[in-house]
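> Sharing a model prediction with you, sequence too.
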Amino acid sequence: MFQKSMKNAMAAKMDCVEATIGVTVRSMPAARVWYERLLGKPPELEPVPGIIEFRVGETWLQLEEGQVGSGGWVFRMGVQSLEQERTRLTRLGITIGETVRVPGVIQFCDFKDPDGNSLSLYELLTSQKS
């Protein structure tokens, strides 16, 4: 009986229309400036005091001030030109890790925000690149 109900539940997919990634930062004023520089724009929303949100592609990045810990997650952003973004971020004083290339598939690099949160840029190298 349990397997049959699980099979029925798995047949219907989630109707997700967008996603939000919540990131905890130590200082909202400092994080706001850093992420505005990173993304090249101010946040789109401040839904409630103490939370700001940036639209990044089809995803929302939500910053909230609080106790920073090692969340075990990475915010990955797909870009049209990895080298162009690396150059831009380096000029802003952001330390970027080495570029890792998987020929014909992807190239990416990792970095951290001032609170130690993990971020990554990637560029698809396939014909499915959008």
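Looks like it came in fine.
> May I ask you to name the longest helix in this structure?
Secondary structure of the chain per DSSP state H: the longest helix is helix 28-39.
> Backbone dihedrals for the residue nearest to the spatial centre of the chain, please?
The chain has Phe75 as the residue nearest its centroid, 3.0 Å off, counting by CA atoms, centre = their mean. Dihedral pair for Phe75: phi -90, psi 110, per degrees, to the nearest 10.
> Quick check: closest non-adjacent residue to it.
Leu119 (5.0 Å; CB to CB, 6 or more residues apart in numbering). (Each C-beta comes from the backbone N, C-alpha and C, glycine too.)
> cool, Thr90 as well?
Ile96 (6.1 Å).
> was I right about that neighbour contacting Arg88?
No: here Ile96 does not reach Arg88: they are 10.1 Å apart, not a contact under CB atoms under 8 Å.
> Wasn't the residue nearest to Phe75 part of a helix?
No: counting by DSSP: H, G, I helix; E, B strand; the rest coil, Leu119 is not found in a helix; it is strand.
> Tell me how many other residues crowd it.
Per other CB atoms under 10 Å, the neighbour tally for Leu119 reads 20.
> thought the residue nearest to the centre of the chain was touching Ala19?
No: contact criterion CB under 8 Å: Phe75 and Ala19 do not qualify, at 11.1 Å.
> intersection of neighbour lists for these two?
Listed as contacting both Phe75 and Ala19 by CB atoms under 8 Å, 6 or more residues apart in numbering is no residue at all.
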